[in-house]
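Colleague: Okay, predicted coordinates and the sequence, questions at the end:
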Amino acid sequence: MTRIINRQPNRYGRIVLGVLPFIILLLLYLSASDARLAENPNDKLLPAFSSFAEAIERMAFEPSKRTGEYLLWQDTLASLLRLAMGVGISALIGLLIGIGNGMVPYMRSPLSPLVTALSLIPPMAILPILFIVFGLGEVSKVVLIVIGISPIIVRDLQLRTDALPNEQLLKAQTLGGNSWQIIVRVVLPQIMPRLIEAIRLTLGSAWLFLIAAEAIAATEGLGYRIFLVRRYLSMDVILPYVLWITALAFAMDWSLKRLSLLAFPWYHASKGGRDD
């Protein structure tokens, strides 16, 4: 008898199983929306799809009467720029300090406890401090993302560096490699795919910190727009914005996965082709 843990769906089965939960959620929403609108045609909690279409057309394809700009695309660009800066800086910090802590004991001794302590601080708790220190502009939002995810990336890469086989490092030293050469030519190539994995795992948190910062102090951005229209109970705008953020996050995650597959095929082959 074939055990269920050894049974694998075929390609079309995986597609069907992947789409099925979304279809079920869609049907549940349609059922609940129809029931509420039947009782109250002006209900705003679960608007009909026609309301979504009108809101998307108004936000994405009609210029604002106040500014003349297309709000959805303006908000998207502002949020993506902040997110790219925050994640990029975090990745660089994570790579440098993560490898340094994993390879250089004199660097690990003072920095590792500090990184551990920073990773335990709730980033949202220090958001008011960031606004006081850096103001209400772009810097405070980017810094919040950096503080929120860079310690996680650092700790992950430090652990991955520590887990590298000692035989590789000993052989490189035997062949005459100095510390810099060993880090650049032995450690770095093996850590890069793990850096991409760490970024993928922290993208959700980065979006969370960005939306929170935009909701409190911003004049544009996806988070700003969601919290601006909530006072009017504009679910026809909020839900499409949430779905748009989800689509952007999914596209970023998929792009990073494809980049890793193309740049480091040996890494994924060593995992037996099991990629999330």
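Modeller: Received the coordinates, thanks.
Colleague: And the strands in the protein?
Modeller: When assigned using DSSP state E, the chain turns out to have no strands.
Colleague: Low-confidence stretches in it?
Modeller: For the chain, residues meeting the criterion pLDDT under 70 lie at 1-2, 272-276.
Colleague: Just want the most central residue of it.
Modeller: residue 203 (1.3 Å; Cα atoms, centre = their mean).
Colleague: ok, now how distant is it from residue 215?
Modeller: To residue 215, residue 203 is 19 Å away according to Cβ to Cβ, to the nearest Å. (Glycine included, C-beta is placed from N, CA and C.)
Colleague: cool, residue 95 as well?
Modeller: Computed as Cβ to Cβ, the residue 95 to residue 215 distance reads 30 Å.
Colleague: cool, and residue 250?
Modeller: Counting by Cβ to Cβ - residue 250 and residue 215 are separated by 22 Å.
Colleague: neighbour count winner among the two?
Modeller: Neighbour count, other Cβ atoms under 10 Å: between residue 250 and residue 215, residue 215 has more, with 17 against 11.
Colleague: looking at it, that one is touching residue 229, isn't it?
Modeller: No: the criterion here is Cβ atoms under 8 Å, and residue 215 misses it with residue 229 at 11.6 Å.
Colleague: can you give me the helices for the stretch 101-250 of the chain?
Modeller: Secondary structure of the stretch 101-250 of the chain (DSSP state H, counting those that start in this stretch): helices at 105-119, 127-134, 138-162, 166-174, 179-182, 188-216, 222-229, 235-263.
Colleague: Can you name the residues that contact residue 80?
Modeller: Applying Cβ atoms under 8 Å, 6 or more residues apart in numbering to residue 80 gives the contacts residue 248.
Colleague: same deal with residue 82?
Modeller: Contact analysis of residue 82 by Cβ under 8 Å, 6+ apart lists 138, 141, 142, 145, 210, 214, 221.
Colleague: Kindly recompute the last result at 10 Å.
Modeller: By Cβ atoms under 10 Å, 6 or more residues apart in numbering, the contact list for residue 82 reads 138, 141-142, 144-145, 206, 209-210, 213-214, 218, 221-223.
Colleague: Identify the residue spatially nearest to it, adjacent ones excluded.
Modeller: Nearest residue to residue 82, sequence neighbours excluded (Cβ to Cβ, 6 or more residues apart in numbering): residue 141, at 5.1 Å.
Colleague: correct me, but that neighbour touches residue 123?
Modeller: No: between residue 141 and residue 123 there is no contact under Cβ atoms under 10 Å: 11.6 Å.
Colleague: Which of the two has more residues huddled nearby?
Modeller: Using other Cβ under 10 Å, the more surrounded residue of residue 141 and residue 123 is residue 141, with 30 against 22.
Colleague: what's the burial count for residue 197?
Modeller: 20.
Colleague: Quickly note the distance from it to residue 49.
Modeller: Counting by Cβ to Cβ, the gap from residue 197 to residue 49 is 37 Å.
Colleague: Hmm, residue 14 and residue 8 touching each other?
Modeller: Yes: assessed by Cβ under 10 Å, residue 8 is found in contact with residue 14 at 8.7 Å.
Colleague: what about these two, which has more around it?
Modeller: In terms of neighbours (other Cβ under 10 Å), residue 14 is the more surrounded of residue 8 and residue 14; the figures are 11 against 7.
Colleague: Tell me who's in contact with residue 134.
Modeller: Residue 134 neighbours (Cβ under 10 Å, 6+ apart): 140, 141, 142, 143, 144.
Colleague: how close does the residue nearest to residue 82 get to residue 18?
Modeller: From residue 141 to residue 18 the distance is 34 Å (Cβ to Cβ).
Colleague: can you check residue 92 too?
Modeller: Taking Cβ to Cβ, one finds residue 92 at 34 Å from residue 18.
Colleague: Those two: which is more packed in?
Modeller: More neighbours surround residue 92 than the other of residue 92 and residue 18, with 14 against 10 (other Cβ under 10 Å).
Colleague: isn't the more buried one right up against residue 150?
Modeller: Yes: using Cβ under 10 Å, residue 92 is in contact with residue 150, at 8.9 Å.
Colleague: before we move on, back to that, so which of the helices of the stretch 101-250 of the chain comes closest to residue 271?
Modeller: Residue 271 sits nearest to helix 188-216 of all the helices of the stretch 101-250 of the chain, at 9.7 Å, using Cβ to Cβ.
Colleague: what comes up buried for the closest one?
Modeller: Across helix 188-216, burial judged by 16 or more other Cβ atoms under 10 Å covers 190-200, 202-203, 206-216.
Colleague: Much appreciated, bye for now.
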